[in-house]
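Visitor: Model the structure of this input:
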Amino acid sequence: MLLYDNTVKAARRHIWSAITGGAGGSAGIAIMERGSLVYSEGLGMADREQSRPVTGRTRFDIASISKIFLTAAVLKLREQGKVGLDEPFCSYVDGFVMADPRYKDITVRMMLNHSSGLMGSCYNNAFCHEPYEGYMDHMLAAMRYSHLKHDPGAKSSYCNDGFALCEALVENVSGVKYIDFLSEHIFIPLSMNDTGVSVGIAGAIDAAELYDGPTGKKTPLEVPCSLATGGLSSTPEDLCRFGQSFCKNAAVRVLSDESLAIMRNSIPTGFSDKLRTRQEDWHLGWDVNGMDKYANRGIHVFMKGGLTGYASKFIVLPDLDVSFALSFAGGSPSQKTALLILDAFLEEKGFGSFASPVKRKPVPEPISVDILRFAGYYSNGSAAVQFTFPDNETLKIRPLLSEDAPALFYHSGGSFYYKSGAFANTDGSVPHYFAEADGMAFFAAENEHCSDLVYQKLEYINGPKLLNWDIDGKTWLNINIDADQDNWNGMFVVKSALIKELPGYINFAGVKAVKAGDYAAPVGTYFRDQTELLLKEENGILTAYVTDYIMRREDSALPLPQGDTVVQAHSGRTTLWYKTQSDSVLTVKTVPGASAWVISPDGKQLYDSHYQCLGEGVPFFAPKGSFLVLRGAVNGVLVQAS
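Guide: Residues are numbered from 1 along each chain as shown. Predicted coordinates:
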């Protein structure tokens with residue numbers, strides 16, 4: 001095995017820095033050049049209790065890197081004449097129907113480059129502790145009453161659902177299970193013997209375990225319910241074998257030259273050139289298809305990241321026949337670490353230094369008069385803020401709801417500065433600037449390889465509408481927890497509010513504009529993971545349909561009595577909720593097949609029966625108004641409240 005000494009030293013330094021800093025528990029890295037491994041190493045313990053180290057065959061969930069496998073699968077079907085990238089997606093998946101007639105204009109390509117206009121991600125029942133076969137039906141059911149957030153193909157904003165739906169396309173068109181298609185056309189030809197379903201499904205394999213930071217105890221392995229979106233696991237070495245198949249002089253290819261050219265030739269959307277630098281359009285599966293930093297030296301870069309409980313980066317330099325993969329068990333800053341290691345590798349290959357030049361503290365300028373016109377109200381999809389210039393030398397960003405983040409200040413001097421039309425830190429990193437496109441104003445961040453939208457200006461609503469029901473200051477409970485899922489995105493309990501400074505706007509799982517007495521649409525049409533709201537009164541009970549979540553108000557929860565209680569979990573569609581009537585000390589025990597969660601009034605998770613690190617049968621404090629959430633086996637949960 002060839003050895004790049006400086007690269008190895010840099011990799012160990014940066015990876016151990018991330019691990020010892022608490023960002024990850026263990027890691028694996030591999031670099032392959034012209035079909036040969038030039039570096040492969042595991043760092044840390046894959047299993048601490050067993051003192052099992054990370055090796056070249058230790059598997060990590062690779063999260064969204066799974067999307068590159070889906071892209072390759074669709075391109076393979078195209079080669080077989082079975083799929084057209086620019087054909088309507090609905091022609092391949094009969095069950096895909098939406099309330100918005102524009103869905104018929106979504107093409108397969110739009111699903112793969114995140115420009116379909118779908119809301120983003122059906123997260124409910126998406127990340128579980130056991131396989132959930134009903135996820136696709138769950139998502140298709142939600143699509144039937146959903147709308148698009150923008151015209152198909154207008155712009156790209158990250159969209160997991162497009163890839164989940166394309167998994168159904170592959171199965172429908174090929175006639176085999178998606179994982180079997182990958183195995184036949186990718187895993188076996190490339191000798192990827194340690195790649196497949198998530199570590200939570202795969203069972204007795206050499207997996208990198210996950211650990212709870214405060215206690216150091218193991219946490220459950222993940223079971224993402226969509227393989228195409230983020231449900232595969234692999235090793236850095238296997239990912240490098242996959243990456244080599246995209247290279248110029250690959251010994252084994254799974255895609256034709258034409259398919260590789262299609263993958264490399266991004267087709268921009270109408271919004272792609274509207275910002276100072278290229279927008280991260282996500283191309284066909286990839287996050288990055290070319291970075292100026294490397295392109296300036298003749299190096300083309302493909303890059304894709306993945307983040308759940310694991311964090312990975314997958315990089316291919318096709319013209320140099322180099323592939324690189326880095327995986328952490330834990331939410332490490334994998335992109336920063338990976339690029340530092342990549343820079344060291346390229347420097348050792350003779351491409352010169354990629355170190356950023358030393359920046360002097362700039363001389364700030366007064367904010368130009370032209371910038372002052374951008375004052376107003378903005379949203380990033382999840383919160384609403386006001387932009388003001390109180391002294392013509394300061395940009396103040398003030399949240400409209402007290403529970404949102406505190407105000408930010410961009411001064412003409414001090415810790416932030418204004419210069420050459422942008423606001424930035426004193427070292428000049430990540431400048432933020434205003435831009436206009438499609439008749440709207442935006443606040444964008446200029447990152448190392450692209451511009452990312454941060455805020456979108458809100459329109460003033462003439463004749464604002466009101467919902468037929470009062471939702472201000474209400475708490476809502478998710479009642480369609482169909483699987484043993486993880487409450488990782490905090491959507492078990494949601495609070496709703498009117499945005500009183502902006503008549504016609506509400507915040508209910510994101511900022512929305514009221515369009516009718518029973519409907520509100522998301523305003524963050526240029527941002528990922530938006531939801532829409534439909535209210536219905538069913539048998540006298542007000543129910544909120546929030547994309548794929550079904551919610552009812554907290555007064556639907558049953559009172560939790562004091563003392564020993566065997567509470568009945570529900571094995572059907574509706575999840576059962578209880579509410580503590582006073583400050584309590586709870587002890588919760590479950591039988592196999594039952595699940596229980598306890599959530600505080602402010603939405604903090606106090607207990608999850610799947611996480612033994614939180615203590616099965618160990619008493620814990622639950623303040624008055626806490627919620628006990630149950631599903632699964634009837635009479636499967638014993639609760640002691642005192």
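
Visitor: Spatially central residue in the chain, please.
Guide: Nearest residue to the geometric centre of the chain (CA atoms, centre = their mean): Leu307, 6.9 Å.

Visitor: what's the distance between the closest residue to that residue other than its chain neighbours and Val385?
Guide: Excluding the flanking residues, the one nearest Leu307 by CB to CB, 6 or more residues apart in numbering is Ala63, at 5.5 Å. In short, each C-beta sits where N, CA and C put it, glycine included. To Val385, Ala63 is 30 Å away according to CB to CB, to the nearest Å.

Visitor: Repeat that for Cys240.
Guide: 43 Å.

Visitor: Just want to know which of these two has more residues nearby.
Guide: Each of Cys240 and Val385 has its neighbours counted (other CB atoms under 10 Å); Cys240 has more, 29 against 24.

Visitor: tell me the contacts of that one?
Guide: Each residue near Cys240 by CB atoms under 8 Å, 6 or more residues apart in numbering is listed here: Ala30, Ile31, Met32, Leu37, Ser323, Phe324, Ala325.

Visitor: repeat for Gly563
Guide: Gln640, Ala641, Ser642.

Visitor: Wait, the residue nearest to the centre of the chain touches Ser334, no?
Guide: Yes - using CB atoms under 8 Å, Leu307 is in contact with Ser334, at 7.5 Å.

Visitor: Look at the closest residue to Ser174 other than its chain neighbours and say how many residues are nearby.
Guide: In this structure, Ser174 finds its nearest non-sequential neighbour in Phe181, 5.1 Å apart by CB to CB, 6+ apart. Applying other CB under 10 Å, we find 21 residues neighbouring Phe181.

Visitor: for Phe181, what are its contacts?
Guide: Ala73, Val170, Glu171, Ser174.

Visitor: and the next element down the chain from the strand or helix carrying the third one?
Guide: Secondary structure here is read from DSSP states H and E; on that basis Glu171 sits in helix 160-174. Next along the chain after helix 160-174, taking DSSP H and E as the criterion, comes helix 178-182.

Visitor: Quick one: neighbours of Val585, just the number.
Guide: 11.

Visitor: Please point out which parts of stretch 491-507 sit buried.
Guide: Neighbour counts over stretch 491-507 (16 or more other CB atoms under 10 Å) mark 491-499, 502, 504-507 as buried.

Visitor: what's the burial count for the closest residue in space to Lys536 that isn't next to it in sequence?
Guide: Leaving aside its sequence neighbours, Lys536 sits nearest to Thr543 (CB to CB, 6+ apart; 5.2 Å). The number of residues packed near Thr543 is 17, by other CB under 10 Å.

Visitor: could you dump the contacts of Cys240 to a markdown table with distance to Leu534, secondary structure and pLDDT?
Guide: Output for the contacts of Cys240, formatted as a markdown table (distance: CB to CB, whole Å; DSSP: H, G, I helix; E, B strand; the rest coil; pLDDT from 0 to 100):
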| residue | distance to Leu534 | secondary structure | pLDDT |
| --- | --- | --- | --- |
| Ala30 | 47 | strand | 98 |
| Ile31 | 50 | strand | 98 |
| Met32 | 50 | strand | 97 |
| Leu37 | 53 | strand | 96 |
| Ser323 | 46 | strand | 98 |
| Phe324 | 45 | strand | 97 |
| Ala325 | 42 | strand | 98 |
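
Visitor: Including neighbour count, could the residues you listed go into JSON lines?
Guide: Below are the contacts of Cys240 laid out as JSON lines (neighbours: other CB atoms under 10 Å):
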{"residue": "Ala30", "neighbour count": "24"}
{"residue": "Ile31", "neighbour count": "28"}
{"residue": "Met32", "neighbour count": "25"}
{"residue": "Leu37", "neighbour count": "16"}
{"residue": "Ser323", "neighbour count": "27"}
{"residue": "Phe324", "neighbour count": "27"}
{"residue": "Ala325", "neighbour count": "30"}
